[in-house]
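Chemist: Structure for the following, please:
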Amino acid sequence: MRSPLAGPFAAVMLLAGCVGTPSVSGERSVSPAPETPWVPPPGAIPPDRARDTSATAVPPDLADRIKRLTLAEIVDLGLRNNPATRLAWANAQTAAAAYGSERGEWLPTIDANVDGTRIKTAATQGRTSVQQSVLTPSVTLNYLLFDFGGRTGRVAGARQRLIAASFSHNAAIQDAALQIQVAYFQYLANRALVGAQRTTVQEAQTNLTAAEERRRVGVATIADVLQARTAASQAQLDLETIEGNLQTARGSLALSLGLPANLPYDVDSTVTLAPVAAVADSVDAIIARALEGRPDLAAIRAEAEAARADIGDARSALLPSLNFSANAGRTYATTIPDGANSYNLSLGLSIPLFSGFSRQYDLRAARFAADAAGARAESLRQQVVFQVFSGYHALQTATRRVRTTDDLLASATQSNEVALGRYKAGVGSVLDLLAAQTALADARAQRVGARLSWYVSLAQLAHDAGILDPTGESSLRLTTDTTAVPPR
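Modeler: Now for the predicted structure:
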């Protein structure tokens, strides 16, 4: 005999066999073949919900100074628009709310409830049908009296995670400030390179004029003129390349600030007029400050404390807990029009007996998680010491390079003047003149690079020490000995 379920079962199997790739807005939801790109149907691309900063990136108080932004204003702009700082701040707010939620375990929970019921019984065995309305408002209180430290561990863990998130926010601010400063100094360095290269182009034109004059009076050959012209063309080509790099650096700075790359802005470069000086603090003193106040190290230490607090929470799951509950209500019914009170009180002891060893493994996992968090904190501590040590000596090297490049530029300038004078006097060759010109141009570029390296190294050391504030400044002490650095 044919089963009565055979027909429906066959229909279900037929429908299952007909299931294919679902469509999106009536079009294919995937590509028809591996080698064919998918063509999205209209409306398939989600709208861009990112914040539009093109109109709000520059606050009104800075709009009138957009052509001469100071370093502090630039860092302030970048921190306002940087998504990393907003993300870290939102994470800190989330952790604060989670901490507040966990602290609620120290207080009882109170809930109110209202039940309304309409009852109608059937008439059976000579009994008449009964209709009745019942309304029962009630209040319930539940309170955890004792759980061997589980509640304490959860609250302490949430508190430490809040501290870690807030320190991570501080670290994100310092990271963004460093990124902005590096882009700022690179832009200024490229602008200085443009100025230096324009001077080199003018000197190359002077050399070409000298070569043409010597050839006019018959004391130089066409080869001198061609070599000088080649050097002038090369200098012009280098200038055009550096000018392109300047615009790229300008766009990179705008990107770090959250500004459109084509926004007409410019920066104040007077910060580069400050004298270059060596750091006065010892490396051991800076390392001590970093170990005490660097925000990312403080954050990971707080996370390690949170992991240790989780051990108490996991251990409490193996132990009894004592709970108290109370319920009070009043019942109104058709047969009780004035209502009647009711209540119950309960004191319960919950004793965990067996859970397939899951609680024991949870405790084991919590202990090893705490060990891992402690190891991460120790690893970062060692990295902090190395970063400060490396940054300190990088700043010292950058300071010495600034002094050396100042001497190099002075020597190259004198050498070029002597070579040009000798060539005009007819006792020097054009090769000597062009070699001196090349050395002078290289000395200018090295001087600019050395100063860029010094400013970046100073900001990097302040960041590594955890003392780079939102204004772009730091509390690093520089030497006041004016003889330590040659005059600019």
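
Chemist: Look up how far Ser475 lies from the most centrally placed residue in the chain.
Modeler: In the chain, the residue lying closest to the centroid (CA atoms, centre = their mean) is Ala84, at 3.8 Å. Distance of Ala84 to Ser475, given as CB to CB, to the nearest Å: 24 Å. The way it works is simple: take the backbone N, C-alpha and C, and place the C-beta from them, glycine included.

Chemist: Looking at the nearest residue to the residue nearest to the centre of the chain once chain neighbours are set aside now. What's its pLDDT?
Modeler: Of all residues not flanking Ala84 in the chain, Ala172 sits nearest, at 5.1 Å (CB to CB, 6 or more residues apart in numbering). At Ala172, the pLDDT value in this model is 94.

Chemist: Okay, and Ala172 sits in which element?
Modeler: Counting by DSSP states H and E, the element that carries Ala172 is helix 150-216.

Chemist: just Ser342 next, same as before
Modeler: Secondary structure (DSSP H and E) places Ser342 in strand 340-350.

Chemist: CA atoms only for that strand - export them in PDB, please.
Modeler: Output of strand 340-350 as PDB, limited to C-alpha atoms (Å, rounded to 0.1, in the frame of the first residue of the first chain):
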ATOM      1  CA  ALA A 340      -5.700  39.400  49.100                       C
ATOM      2  CA  ASN A 341      -2.000  39.700  49.900                       C
ATOM      3  CA  SER A 342       0.600  36.900  49.400                       C
ATOM      4  CA  TYR A 343       4.300  36.700  49.800                       C
ATOM      5  CA  ASN A 344       7.200  34.200  50.000                       C
ATOM      6  CA  LEU A 345      10.700  34.400  51.300                       C
ATOM      7  CA  SER A 346      13.500  32.100  50.100                       C
ATOM      8  CA  LEU A 347      17.100  31.500  51.200                       C
ATOM      9  CA  GLY A 348      18.800  29.100  48.900                       C
ATOM     10  CA  LEU A 349      22.200  27.400  48.900                       C
ATOM     11  CA  SER A 350      23.400  26.300  45.500                       C
END
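
Chemist: partner strands of that strand, parallel or antiparallel?
Modeler: Using DSSP bridges, the strands paired with strand 340-350 in its sheet are strand 321-333 (antiparallel).

Chemist: just checking, Leu237 is part of a helix?
Modeler: Yes: according to DSSP: H, G, I helix; E, B strand; the rest coil, Leu237 belongs to a helix.

Chemist: Give me the number of neighbouring residues for it.
Modeler: 11 (other CB atoms under 10 Å).

Chemist: one step back: can you give the distance from the strand holding Ser342 to the centre of its chain?
Modeler: Centroid separation for strand 340-350 versus its chain: 53 Å, with CA atoms, centre = their mean, to the nearest Å.

Chemist: Show me what the helix or strand just after it is packed up against.
Modeler: The element immediately downstream of strand 340-350 (helix or strand, assigned by DSSP H and E) is helix 358-425. Contacts defined by 3 or more CB pairs under 8 Å, 6 or more residues apart in numbering; DSSP states H and E place helix 358-425 against helix 150-216, helix 283-293, helix 295-316, helix 430-464.

Chemist: Looking at those helices, which is nearest to Ala365?
Modeler: Closest to Ala365 of the helices and strands packed on helix 358-425, according to CB to CB: helix 295-316, at 7.5 Å.

Chemist: May I see the buried residues of the biggest strand by length in the chain?
Modeler: Across the chain, the longest stretch assigned as strand under DSSP state E is strand 131-146. Buried residues in strand 131-146, counted by 16 or more other CB atoms under 10 Å: 136, 138, 144.

Chemist: now the helix holding Ala172 against helix 283-293, angle please.
Modeler: Interaxial angle, helix 150-216 versus helix 283-293 (axes from the mean of the first three to the mean of the last three CA atoms, to 10 degrees): 140 degrees.

Chemist: how distant is helix 150-216 from the center of its chain?
Modeler: How far helix 150-216 lies from its chain's middle: 16 Å, per CA atoms, centre = their mean.

Chemist: swap in stretch 311-318?
Modeler: Taking mean C-alpha positions (CA atoms, centre = their mean), stretch 311-318 and its chain are 35 Å apart.

Chemist: buried residues in that stretch?
Modeler: For stretch 311-318, by 16+ other CB under 10 Å, it's 311-317.

Chemist: okay, now the nearest residue to Leu263 once chain neighbours are set aside: neighbour count?
Modeler: Nearest residue to Leu263, sequence neighbours excluded (CB to CB, 6+ apart): Ala254, at 6.1 Å. Around Ala254 there are 20 other residues, counting by other CB under 10 Å.

Chemist: ok so, going back, what's next to the longest strand of the chain, contact-wise?
Modeler: Contact with strand 131-146 is made by 105, 107-121, 151, 321-335, as judged by CB atoms under 8 Å, 6 or more residues apart in numbering.

Chemist: Show me how this protein divides into domains.
Modeler: 72-106+148-314+358-464, 108-146+318-351 (automatic domain parsing).

Chemist: Could you tell me the end-to-end distance of the shortest one?
Modeler: Distance between the two ends of domain 108-146+318-351: 21 Å, counting by CA to CA, to the nearest Å.

Chemist: tell me how far that domain is from the chain's mean position?
Modeler: Using CA atoms, centre = their mean, the offset of domain 108-146+318-351 from its chain centre is 54 Å.

Chemist: quick revisit: the residue nearest to Leu263: which element?
Modeler: Assigned by DSSP H and E, Ala254 falls in helix 222-257.

Chemist: any idea of the mean pLDDT in that helix?
Modeler: For helix 222-257, mean pLDDT is 93.

Chemist: And Arg127, how far from Thr121?
Modeler: With CB to CB as the criterion, Arg127 and Thr121 are 8 Å apart.

Chemist: Can you list the low-confidence ranges for the stretch 251-400 of the chain?
Modeler: By pLDDT under 70, the stretch 251-400 of the chain has no low-scoring segment.

Chemist: For stretch 165-184, output the C-alpha coordinates as PDB.
Modeler: Once non-C-alpha atoms are left out, stretch 165-184 reads as follows in PDB (Å, rounded to 0.1, in the frame of the first residue of the first chain):
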ATOM      1  CA  ALA A 165      40.700  50.800  27.500                       C
ATOM      2  CA  SER A 166      41.300  54.300  28.900                       C
ATOM      3  CA  PHE A 167      45.000  53.900  28.700                       C
ATOM      4  CA  SER A 168      44.700  52.500  25.200                       C
ATOM      5  CA  HIS A 169      42.800  55.700  24.300                       C
ATOM      6  CA  ASN A 170      45.800  57.700  25.600                       C
ATOM      7  CA  ALA A 171      48.100  55.600  23.600                       C
ATOM      8  CA  ALA A 172      46.000  56.100  20.400                       C
ATOM      9  CA  ILE A 173      46.200  59.900  21.000                       C
ATOM     10  CA  GLN A 174      50.000  59.700  21.300                       C
ATOM     11  CA  ASP A 175      50.300  57.400  18.200                       C
ATOM     12  CA  ALA A 176      48.200  59.900  16.200                       C
ATOM     13  CA  ALA A 177      50.200  62.900  17.400                       C
ATOM     14  CA  LEU A 178      53.500  61.200  16.400                       C
ATOM     15  CA  GLN A 179      52.100  60.300  13.000                       C
ATOM     16  CA  ILE A 180      50.900  63.900  12.400                       C
ATOM     17  CA  GLN A 181      54.300  65.300  13.600                       C
ATOM     18  CA  VAL A 182      56.200  63.000  11.300                       C
ATOM     19  CA  ALA A 183      54.100  64.100   8.300                       C
ATOM     20  CA  TYR A 184      54.400  67.700   9.300                       C
END
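
Chemist: No further questions, thank you.
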